[in-house]
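Chemist: Got a sequence here, can you build the structure:
(one chain, ligands or ions: 2)
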Amino acid sequence: MESTLKALRDGESVLDLSPRATVSGGVEDVYGEDCATEEQLVTPWSFSVASGYSLLRDPQYNKGLAFTEKERDAHYLRGLLPPTVISQQLQEKKEVNNIRQYQVPLQKYMAMMELQETNERLFYKLLIDNVEELLPVVYTPTVGEACQKYGSIFKRPQGLYISLKEKGKILEVLKNWPEKSIQVIVVTDGERILGLGDLGCQGMGIPVGKLALYTALGGLRPSACLPITIDVGTNNQKLLNDEFYIGLRQKRATGQEYSELLHEFMTAVKQNYGEKVLVQFEDFANHNAFELLAKYGTTHLVFNDDIQGTASVVLAGVVAALKLIGGTLADHTFLFLGAGEAGTGIAELIALEMSKQTKTLIEESRKKIWLVDSKGLIVSSRKASLQHFKKPWAHEHEPIDSLLEAVKVIKPTVLVGSSGVGKTFTKEVIEALASINDKPLIMALSNPTSQSECTAEEAYQWSEGRAIFASGSPFDPIEYKDKVYYSGQANNAYIFPGFGLGLVISGAIRVHDDMLLAASEALAKQVTEENYEKGLIYPPFSDIRKISANIAANVAAKAYELGLATRLPRPQNLVKYAESCMYTPVYRNYR
Ligand SMILES: O=C([O-])CC(=O)C(=O)O
Ligand SMILES: [Mg+2]
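Modeler: Numbering: from 1, shown residues only. Ligands and ions are numbered 1, 2, ... in the order given. Below you'll find the model as predicted:
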């Protein structure tokens, strides 16, 4: 092989397949590329072993200035790099300095994406070593703005685009992806990107970002991760009018046309990657999210991050918070603003855990949990007109129109925001909550920061410093009356990377609700006394790889217990095993 490459580089056509014999004019080259006119056909040759110039442009293998002298000799890199050889540590220092120089978060995002596209291992090294600083760049809130402007900032495609144009050909499209051993797919149809609504094809930033976290936080290999956007159109008129929009210019396909495309996709995925590939649904609109999860939950390894991942992270936060606010889960009364994927998903998982703890029927546990949607409190008199996923929460009560009224009447101890609409936890709402509770637990989950139900500062100020607060997007520590308040990030990023790792290492073939409880339990256990002293109900993200290994182990253990694991025999020490499976971004040495 090496002599073949050398010969090609020296200008010989070893296999003599080059089209040079058939083209004329211009300067002759081995590929026939430079001498072809526009009408003449050329062959897009590529090498199967990255070497020389192409090695420097292959993000998976490129090491830039960190290529050693020996590697520069062995891989035809002499002269293609300046003479200096530096360590990955120094490269990292330089990149961190570069990123810090950008004032605008979107510029930082673009710089990080460029790094991912030029030197993958360096990108992950940066992200892992500086996770608290860079998470808000590659993930919420900045990724939201990136999706909104995706058409304008778009340089190179990342991930796989499957649009209505590919109907009937989805299996072929999957085969176009260069990697064959895929373990995790994150897929969106872009209809409900964070709390920003329908961003159509530009939702691709989300699967790309989520999978970057799968690798950085959960240790899945980048080559095993596949981001996919399904483009069935968009109802976002602004995007349809935008000359730089990258998606199909049509209104969303719905009904049969939609479900047929999704079905072809799900079938092709299983056919191409087998039973054990995890498909994570992300940021679908409510109606499709619930339907897809129910439909494919029994035939595929599927996980909905917004319903199940968010539920698991919030349950963990609530369980941890009990140390600060007192009582058992069943002693508390929960009020949600938002009864979509996140709201009903969290409510159901809390009810499930409550029932397990108290050995009562889930119908009884649900009565401790109240949901408010855009039409007011969900009560039994509204039942006939409710979407099916809201019906379990229609308890007997007089109708109530507003959140404020609901807080006053229901007297919740825990207030959760999951509607995707910002600034809805007003001063009045938080004051009312704080007048009922000594230590109210407030979780403002909506993303990005612009959609947060309230800010950390508002939560502490309006509760006179008594609230325990966590939010979906991060807030900096707040100083209030000479005291510093730290708030946690109740984001599914704590759960899905470890959860997915647990499924992969056990060879799980289905997701079960008990695995979500297992993930919650593992996360809640990672909160230390030191965290509690600061008022935190989540451990810091700087420990996330250890946290993910623990979550993965607990999830895998549950998969074995339920008979859903196929990787046999079961490893004895699952935490150690999970850690040993995790990708690390240090450079490999090339022979
Ligand atoms: O992406 C995030 O930050 C959390 C999430 O799933 C969402 O808001 O849809
Ligand atoms: Mg989401």
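
Chemist: ok, and for the strand ranked longest in the chain, which residues are buried?
Modeler: Longest strand of the chain, by residue count under DSSP state E: strand 225-231. By neighbour count on 16 or more other Cβ atoms under 10 Å, the buried set for strand 225-231 is 225-231. (Each C-beta comes from the backbone N, C-alpha and C, glycine too.)

Chemist: Take those and write them to JSON lines, including pLDDT.
Modeler: Listed next are these as JSON lines, based on pLDDT from 0 to 100:
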{"residue": "225", "pLDDT": "98"}
{"residue": "226", "pLDDT": "98"}
{"residue": "227", "pLDDT": "98"}
{"residue": "228", "pLDDT": "98"}
{"residue": "229", "pLDDT": "98"}
{"residue": "230", "pLDDT": "98"}
{"residue": "231", "pLDDT": "98"}
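
Chemist: wait, which of those is closest to residue 283?
Modeler: In terms of Cβ to Cβ, no member of the buried residues of strand 225-231 lies closer to residue 283 than residue 229, at 10.1 Å.

Chemist: Ligand 1 contacts on the stretch 301-450 of the chain?
Modeler: Applying Cβ under 6 Å from any ligand atom, one finds that the stretch 301-450 of the chain approaches ligand 1 through 305-306, 447.

Chemist: Columns neighbour count and secondary structure on top of the residues you listed, output as JSON lines?
Modeler: Written out in JSON lines, the entries for these read as follows (neighbours: other Cβ atoms under 10 Å; DSSP: H, G, I helix; E, B strand; the rest coil):
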{"residue": "305", "neighbour count": "29", "secondary structure": "helix"}
{"residue": "306", "neighbour count": "23", "secondary structure": "helix"}
{"residue": "447", "neighbour count": "26", "secondary structure": "coil"}
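
Chemist: From the residues you listed, pick out the ones that also neighbour ligand 2.
Modeler: Restricting those to those near ligand 2 by Cβ under 5 Å from the ion leaves residue 306.

Chemist: Partner strands of the longest strand of the chain, with direction?
Modeler: Strands adjacent to strand 225-231 in the sheet, as given by DSSP bridges, are strand 160-163 (parallel), strand 184-188 (parallel).

Chemist: what about it, distance to the chain center?
Modeler: Centroid separation for strand 225-231 versus its chain: 12 Å, with Cα atoms, centre = their mean, to the nearest Å.

Chemist: Can you spell out which helices and strands pack onto the helix or strand hosting residue 404?
Modeler: In this assignment (DSSP states H and E), residue 404 forms part of helix 403-410. Packed against helix 403-410, as judged by 3 or more Cβ pairs under 8 Å, 6 or more residues apart in numbering; DSSP states H and E, are the following elements: strand 334-337, strand 369-373, strand 376-377, helix 427-436.

Chemist: follow-up on the earlier one: can you tell if the longest strand of the chain touches ligand 1?
Modeler: No. When contact is scored as Cβ under 6 Å from any ligand atom, no part of strand 225-231 falls within range of ligand 1; the minimum is 13.4 Å.

Chemist: Mind listing what's buried along the next helix or strand after that strand?
Modeler: Stepping forward along the backbone from strand 225-231, the first helix or strand reached (DSSP H and E) is helix 237-241. Of the residues in helix 237-241, those buried under the neighbour-count criterion (16+ other Cβ under 10 Å) are 239-240.

Chemist: Check the spacing between the nearest residue to residue 555 once chain neighbours are set aside and ligand 1 real quick.
Modeler: Taking Cβ to Cβ, 6 or more residues apart in numbering as the measure, residue 555 lies nearest to residue 502, with 2.9 Å between them; neighbours along the chain are not counted. As for residue 502, its distance to ligand 1 is 19 Å (criterion: Cβ to the nearest ligand atom, to the nearest Å).

Chemist: Helix or strand: which one has residue 502?
Modeler: Once you assign secondary structure using DSSP H and E, residue 502 falls within helix 496-506.

Chemist: From the contact counts, what lies against that helix?
Modeler: In terms of contacts (3+ Cβ pairs under 8 Å, 6+ apart), helix 496-506 is packed against helix 205-218, strand 278-281, strand 302-304, helix 513-525, helix 544-561, helix 574-581.
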